[in-house]
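S.K.: quick check, what structure comes out for this input:
(2 chains)
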Amino acid sequence: MNIMQQLVNGLALGSIYALIALGYTMVYGIIGMINFAYGEIYMFGAYAGLTLALSNYVNVYVALFGAMIITMVLGVVIERIAYKPLRRSSRLSALISAIGVSIFLSSLMVRLKGPNTRGFPKLFENRIFAIGDFQITFYQIVIIGVAALLMLGLHLFVTYSKTGRAMRACAQDQDAAKLMGVNIDRVVSITFAIGSGLAGAAGVLSGIYFNAVQPYMGLLAGLKAFAAAVLGGIGSIPGAMIGGLVIGLTEIMGITFNLSEYKDAFAFAILILVLMFKPSGILGRKANKKV
Amino acid sequence: MKKLLNNWFVQALLFLMALGLTAYVSQVINDVLPPYVLIIGLFIGINLIMALGLNLITGVTGQLSLGHAAFMSIGAYSSAIATVNFHVPFLLGVLIGGLVAGLFGLIIGFPTLRLTGDYLAIATLGFAEIVRVQFTNMKITNGAIGFLGIQGSTTFPIVMTIAVLTIFAMVWLEDSRNGRAMLAIREDEVASSAVGINTTLYKIQAFAIGAFCAGVGGALFAHTTTFIQPTDFGFLKSVDILSIVVLGGLGSIPGTIIGAIVLTAAPEALRSLSNYRMMVYGLLLIVIMIFRPYGLLGGVNLRQAVRRAIMLPKKKQTGRGA
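M.R.: Alright, predicted model coming up:
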């Protein structure tokens, strides 16, 4: 068990958390709302990927892409039905509505697919590449690679596209953006679509990696991803990536040091420490309170 | 009449009468109603006690907490350890549960209450997860297997009496100097500290009292189900309690009572839909929030009517949260 080995394991796990965390952070950045249902969208993505993979043995990349499309649509539908009417009301009402969505989705999945854990079909050979002591599995390469590609794509989209510029404008000042002719509703919908698509991709990747899909898998993963988003500085896209990787690495390090019973607590312990000493997170801007 | 009701002696007398009446009536009900209904009533009472605690934190003081189940679990486990391992009498065990949870509320409150809004919510959520993992790994709580062999000492009259006691305590607290300071913090923290309110002190007070209530509720819960395990007190339990407070109307005591009744009874009433009930429950949360974003009783005159009936000064109606 050398340190490099754990680094790779942590990187693979962290990529999954980072993908979910991106959805949290983007939505928070734009409408200041915690969308607790992201964990369930991630779960839905895993099931969509599973269903696609089981039908006619589609290619893994097709399953991944299909699951992303399905979760994107799901994300937009959820936003339109459950969050849009609440955009002007208090934060708490939106939070409760999101929790309602999350309970609805996980119980819907229990109805559709049963409460049991399901395995993922083998979509491709999982070879192990060894360089001396250091090993990396093909699954890990795919996960890290896909996550890196998606994040790069997101970064390019947000930085260079017109819609991306509109998103950044909305995050900075919604009213001013509106006055400049930005269609806020459209931007919010696109944000939800992108975030949900990333969460869906994360779901498929984790299904492949852990070979387990379950209707309640979204809750803890969602909470940890949220912790990652806060750790990186909520509202900041690179922050969410860093936060996800840090949470993934700590979890793996915890297991290495024989503390695996406590692995679910690590993310939250880090979270509380960060909140106490630097509440704005690693890359977050400090929000000045106006009186 | 109004002057008479503001007299502390008259108030104390009324309070004792109400308490005695509750004890008596619930005893009568206890003998009449079928056990199934009684159990639902019991859980309504337990949820009400915990929700009133959270209402003080989130509704009155405006500090969003997503970790109420942690205090509930601390109360449940410490009272169970007290009654099972140390043979402490039941009611004393409940008090111990409340006190230990309140103590943890104090300890947790000091560092975290410097945070505001969403950050506080996240910190409490993280704390709750840590507590759950800790209980899963402790020897004395029997870890993930669960704590067995707790006496089923909780009865309907006891729960109802404690619930009424809590309601009275909350009404008094909200009307006291401390309660007004807490309300001021919810309305505007910066302004209230500018007029000399020690905001941290009152926030910690609210947090500790709320945690105490959750601990008492947890202790009653443990002695009802006779078996507790860490998964009973997960994130969803915190959400259950928070939904009661938000659905009823933040900061409204009658609202919390109605929320506790509706949300505890709803899953039972939906039992005929068995497989679909959690789906319906989720939809219910969404629909209520869309049509009544300030809660069932938020902005309804009933609240003022109830306040007027018990002769308390009218307070500004707000549904604003953290």
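S.K.: please report the distance of the nearest residue to A:Gly233 once chain neighbours are set aside from B:Gln134.
M.R.: Spatial nearest neighbour of A:Gly233, chain neighbours left out: A:Gly284 (2.5 Å); criterion: CB to CB, 6 or more residues apart in numbering or on different chains. For the C-beta atoms, the positions are set from N, CA and C on the backbone; glycine is no exception. Distance from A:Gly284 to B:Gln134, counting by CB to CB, to the nearest Å: 29 Å.
S.K.: now the helix or strand in which B:Thr166 is found: buried residues?
M.R.: In the assignment (DSSP states H and E), B:Thr166 maps to helix B:156-175. Neighbour-count burial for helix B:156-175, counted by 16 or more other CB atoms under 10 Å in any protein chain shown, picks out B:156-168, B:170-171, B:173-174.
S.K.: do stretch A:135-153 as well
M.R.: By neighbour count on 16+ other CB under 10 Å, the buried set for stretch A:135-153 is A:136-137, A:139-140, A:142-144, A:146-147, A:150-151.
S.K.: confidence score at B:Ala184?
M.R.: You'll see B:Ala184 listed with a pLDDT of 91.
S.K.: would it count as being in a strand?
M.R.: No - if the criterion is DSSP: H, G, I helix; E, B strand; the rest coil, then B:Ala184 is helix and not within a strand.
S.K.: that one touches B:Ile197, doesn't it?
M.R.: Yes - the pair B:Ala184 and B:Ile197 qualifies as a contact (CB atoms under 8 Å) at a distance of 5.9 Å.
S.K.: circling back: now do the residue nearest to A:Gly233 against A:Ala177, distance only.
M.R.: 20 Å.
S.K.: got it, and B:Ala80?
M.R.: Counting by CB to CB, the gap from B:Ala80 to A:Ala177 is 55 Å.
S.K.: residues contacting stretch B:148-155, please?
M.R.: B:30, B:42, B:80, B:83-84, B:90, B:142, B:220-228 (CB atoms under 8 Å, 6 or more residues apart in numbering or on different chains).
S.K.: okay, it in PDB with CA atoms only?
M.R.: These are the backbone C-alpha positions of stretch B:148-155, laid out as PDB (Å, rounded to 0.1, in the frame of the first residue of the first chain):
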ATOM      1  CA  LEU B 148     -31.700  -3.500  22.900                       C
ATOM      2  CA  GLY B 149     -33.700  -4.000  26.000                       C
ATOM      3  CA  ILE B 150     -34.900  -0.500  26.800                       C
ATOM      4  CA  GLN B 151     -38.100  -0.500  29.000                       C
ATOM      5  CA  GLY B 152     -41.200   0.600  27.100                       C
ATOM      6  CA  SER B 153     -42.000   3.100  29.900                       C
ATOM      7  CA  THR B 154     -43.300   5.900  27.800                       C
ATOM      8  CA  THR B 155     -47.100   6.300  28.000                       C
END
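S.K.: mind listing what's buried in the host helix or strand of B:Ile204?
M.R.: Take DSSP H and E as the rule and B:Ile204 turns out to sit in helix B:199-225. Residues B:199, B:202-225 are the ones in helix B:199-225 that count as buried (16+ other CB under 10 Å).
S.K.: spatially nearest residue to A:Met276 (excluding sequence neighbours)?
M.R.: That would be B:Pro111: by CB to CB, 6+ apart, it lies 5.4 Å from A:Met276.
S.K.: didn't the one you found look like it was pressed against A:Leu273?
M.R.: No - applying CB under 8 Å as the test, B:Pro111 and A:Leu273 come out as separate, 9.8 Å apart.
S.K.: quick one, what contacts the residue in the stretch 101-250 of chain A that chain B sits nearest to?
M.R.: Using CB to the nearest CB, the point where the stretch 101-250 of chain A gets nearest to chain B is A:Phe104, with a distance of 3.1 Å. A:Phe104 makes contact with B:278-279, B:282-283, B:286, according to CB under 8 Å, 6+ apart.
S.K.: got the confidence number for residue 53?
M.R.: You didn't pick a chain, so chain A it is. 85.
S.K.: that's the other chain; I wanted chain B
M.R.: Model confidence at B:Gly53 (pLDDT) stands at 95.
S.K.: gap between it and B:Glu174?
M.R.: 13 Å.
S.K.: what's the answer for A:Arg91, then?
M.R.: Where B:Glu174 is concerned, A:Arg91 sits at a distance of 23 Å (CB to CB).
S.K.: same check on B:Phe9?
M.R.: Counting by CB to CB, the separation of B:Phe9 from B:Glu174 is 21 Å.
S.K.: returning to that earlier point: and the residue nearest to A:Gly233, how many neighbours?
M.R.: Neighbour count for A:Gly284, taken as other CB atoms under 10 Å in any protein chain shown: 22.
S.K.: helix/strand/coil for it?
M.R.: Applying three-state DSSP: A:Gly284 is coil.
S.K.: pretty sure it contacts A:Leu231?
M.R.: No - under the criterion of CB under 8 Å, A:Gly284 is not in contact with A:Leu231, lying 9.5 Å apart.
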